[in-house]
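Colleague: what follows is a protein structure lacking sequence information:
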């Protein structure tokens, strides 16, 4: 075998190895989704979504947990979105590049990697106890906002960084102030990237369980929350609760609820991909 | 003291520029090493010199575009109609409305043709639609682009060719009605036909504006400029009438550069 043949063989081996690695993840994911679908799909109907939780598996629905998740999602968006984007803009456009901004940068990147349960403990102490919000939707949303803020900030900064300097230069050279340049040029040009980051962050928030359990979210609530101060449950907690029960009916319920939760995150990720593609086309 | 002298439309007299012993540092790097020059109104002045000689840095001093670069420091005075533009209380936004700039690479905003030209007016808070439409038309005509785009002003500016984009950028600058226009190698990214169009345009604009242009193209400098300044390593080697620079320069270095013996 000469050198060229050897190299070709190596090339082939690596190619097959790569295909194998790619398939490994996909196959496991498909196996998991298939398993969940077999267990849960026949359980999903309209009443499963609109029914309140019950002691009997076949009568139980996810209404309160779904509503809790939607409440959490909306409130978290309202809280985290403006703060995260504003912080991202500040760090990228206003703060002087120096030791302080380098320190802030490292800290924010690190915060994105802190285990979520730590945020739960922080939320329990600050929001539930010191601010005495109780185990309310508001306390849960504030806690999850802290959790996803670093992700939104980092995404905002990356999106702003991707805006060509030539566009900023053109705006400044025409007499635009910093704020006008940000508002009319930088934000429109980076909105796709920012939105992508925000949606991915929110889809993470909607799947979080640990921090909400820590702050005292309930596994069983008889009513859907109607104000931000109400107690609540969310889908992942409902799933966790059902899975830990012995009766087979609840396992089916859990599988069905997982399908709904997956659907929500898939749709959100799909929206994120859509915006990213649209944005890339616009910038060419 | 304000910039009234420059911006009062009643007195709309094209200003003169005086530069006195200007030095520029980027952190520790001394990019401009003490330059003085006067630029007369209604002239085209070309800045030439090899890459890295400081001519672009020098050009960007006049509308303070270097302010955003980390470690930028300036010493000396630049006066426009007698006002020091680096004094503390200057309104930089007002200054930039008076001193327009066209960049090396055409950089239209990812918006419609109309919105590109109207942007400078919009940020001044002008809402009068009729006024804006008139100004946009006038600016596009001045930039010799109106006939090519008048039927699709709503089209994205990014759909135009490179040469059209650059003329759009010139129109965008003209719409704000500055009195000085800075051009940083405005034709270096364009083909010869687009370049010729822009050179013609510069020639016409001279009547109303003072133009300073950085160029790497010796023929371009000799064709369109009245004065030429030759820069080398952060210093102004020679500054004189273009004709003199290109036929009978004082310094050997200048002659070597324009005849292509170095640079």
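Modeller: Ah, there it is. In this text the structure is predicted, and so the values were computed from the model without any measurement.
Colleague: from what I see, residue B:26 and residue B:74 are in contact.
Modeller: No: Residue B:26 lies out of contact with residue B:74 (C-beta atoms under 8 Å); the separation is 10.6 Å. Glycine gets a C-beta too; all of them are placed from N, C-alpha and C.
Colleague: for residue B:176, see how far away residue B:241 is.
Modeller: 30 Å (C-beta to C-beta, to the nearest Å).
Colleague: now for residue B:259, how many residues are close by?
Modeller: Neighbour count for residue B:259, taken as other C-beta atoms under 10 Å in any protein chain shown: 12.
Colleague: what about the one helix or strand residue B:116 maps to, distance to the chain center?
Modeller: Per DSSP states H and E, residue B:116 falls inside helix B:113-122. In terms of C-alpha atoms, centre = their mean, to the nearest Å, the centre of helix B:113-122 is found 19 Å from the chain centre.
Colleague: what does stretch B:138-157 give?
Modeller: The gap between where stretch B:138-157 is centred and where its chain is centred comes out at 21 Å by C-alpha atoms, centre = their mean.
Colleague: how long is it from one end to the other?
Modeller: Using C-alpha to C-alpha, to the nearest Å, the end-to-end distance of stretch B:138-157 comes out at 18 Å.
Colleague: any residue of it up close to chain A?
Modeller: No: Stretch B:138-157 is not in contact with chain A by C-beta under 8 Å from any C-beta of the partner chain; minimum separation 8.9 Å.
Colleague: quick one: buried residues of that stretch?
Modeller: Within stretch B:138-157, the residues that count as buried by 16 or more other C-beta atoms under 10 Å in any protein chain shown are B:138-140, B:142-146, B:148-149, B:153, B:156-157.
Colleague: residue ranges with poor pLDDT in chain A?
Modeller: For chain A, the stretches with pLDDT under 70 are A:280-284.
Colleague: leaving out chain neighbours, which residue sits closest to residue A:39?
Modeller: Of all residues not flanking residue A:39 in the chain, residue A:255 sits nearest, at 3.6 Å (C-beta to C-beta, 6 or more residues apart in numbering or on different chains).
Colleague: picking that back up, between residue B:241 and residue B:176, which one's more packed in?
Modeller: residue B:176 (22 against 13).
Colleague: now do the SS call for residue B:231.
Modeller: Using DSSP: H, G, I helix; E, B strand; the rest coil, the structure places residue B:231 in strand.
Colleague: just residue B:76 next, same as before
Modeller: Taking three-state DSSP, the label given to residue B:76 is strand.
Colleague: near chain B, which residues of the stretch 1-150 of chain A show up?
Modeller: The stretch 1-150 of chain A has residues residue A:97 near chain B, with proximity defined as C-beta under 8 Å from any C-beta.
Colleague: all helices for the stretch 1-150 of chain A, in order.
Modeller: Ranges of helices in the stretch 1-150 of chain A, per DSSP state H, counting those that start in this stretch, are A:3-40, A:46-50, A:63-89, A:99-111, A:116-123, A:137-161.
Colleague: circling back: hmm, the helix holding residue B:116 touching chain A?
Modeller: Yes: using C-beta under 8 Å from any C-beta, helix B:113-122 reaches chain A at B:119-120, B:122.
Colleague: Throw the residues you listed into CSV and include pLDDT and distance to residue B:67, thanks.
Modeller: Output for the residues of helix B:113-122 next to chain A, formatted as CSV (pLDDT from 0 to 100; distance: C-beta to C-beta, whole Å):
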residue, pLDDT, distance to residue B:67
B:119, 96, 21
B:120, 95, 19
B:122, 94, 23
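Colleague: of these, just the buried ones, PyMOL syntax please.
Modeller: To isolate the buried ones among these in PyMOL, judged by 16+ other C-beta under 10 Å, type:
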select buried, chain B and resi 119+120
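Colleague: show me what from the stretch 51-200 of chain B comes close to chain A.
Modeller: Listed as neighbours of chain A in the stretch 51-200 of chain B under the rule C-beta under 8 Å from any C-beta: B:63, B:65, B:68, B:70, B:93-97, B:100-101, B:103, B:105, B:107-110, B:119-120, B:122-124, B:158, B:169, B:172-173, B:176.
Colleague: in chain B, where is pLDDT below threshold?
Modeller: Looking at chain B by pLDDT under 70, you get B:1-15, B:262-263.
Colleague: ranges for the helices of the stretch 151-263 of chain B?
Modeller: Taking DSSP H, counting those that start in this stretch as the criterion, the stretch 151-263 of chain B contains helices spanning B:162-175, B:192-205, B:218-224, B:242-247, B:252-258.
Colleague: can you name the residues in contact with the last one?
Modeller: Read that as helix B:252-258. By C-beta atoms under 8 Å, 6 or more residues apart in numbering or on different chains, the residues outside helix B:252-258 that reach it are B:48-50, B:218, B:230, B:232, B:237-238, B:245-246, B:249, B:261-263.
Colleague: let's see that with 7 Å instead.
Modeller: Under the contact criterion C-beta atoms under 7 Å, 6 or more residues apart in numbering or on different chains, helix B:252-258 has outside partners B:218, B:230, B:232, B:237-238, B:245-246, B:249, B:262-263.
Colleague: what residue lies at the spatial centre of the chain?
Modeller: Since no chain was named, I'll use chain A. Among the residues of chain A, the one closest to the centroid is residue A:204, at 2.3 Å (C-alpha atoms, centre = their mean).
Colleague: the intended chain is chain B.
Modeller: By C-alpha atoms, centre = their mean, the most central residue of chain B is residue B:182, 0.7 Å off.
Colleague: quick one, what contacts whichever residue of the stretch 1-150 of chain A sits closest to chain B?
Modeller: Proximity of the stretch 1-150 of chain A to chain B (C-beta to the nearest C-beta) peaks at residue A:97, 5.9 Å away. Applying C-beta under 7 Å, 6+ apart, we find residue A:97 in contact with residue B:70.
Colleague: quick one: the helix holding residue B:116 to helix B:162-175, angle?
Modeller: Angle of helix B:113-122 versus helix B:162-175, following axes from the mean of the first three to the mean of the last three C-alpha atoms, to 10 degrees, is 30 degrees.
Colleague: whichever strand or helix holds the residue nearest to the centre of chain A near chain B at all?
Modeller: Per DSSP H and E, residue A:204 falls inside helix A:187-207. Yes: for helix A:187-207, a contact with chain B is found by C-beta under 7 Å from any C-beta of the partner chain, at residue A:189.
Colleague: quick one: distance of whatever helix or strand comes next after that helix to the chain centre.
Modeller: Of the helices and strands lying after helix A:187-207 in sequence (DSSP H and E), the nearest is helix A:210-215. Centroid separation for helix A:210-215 versus its chain: 16 Å, with C-alpha atoms, centre = their mean.
Colleague: now do helix A:210-215: everything it contacts.
Modeller: Residues lying outside helix A:210-215 but in contact with it, judged by C-beta under 7 Å, 6+ apart, are A:116-117, A:119-121, A:123-124, A:128, A:135, A:139-140, A:143-144, A:147, A:234, A:237.
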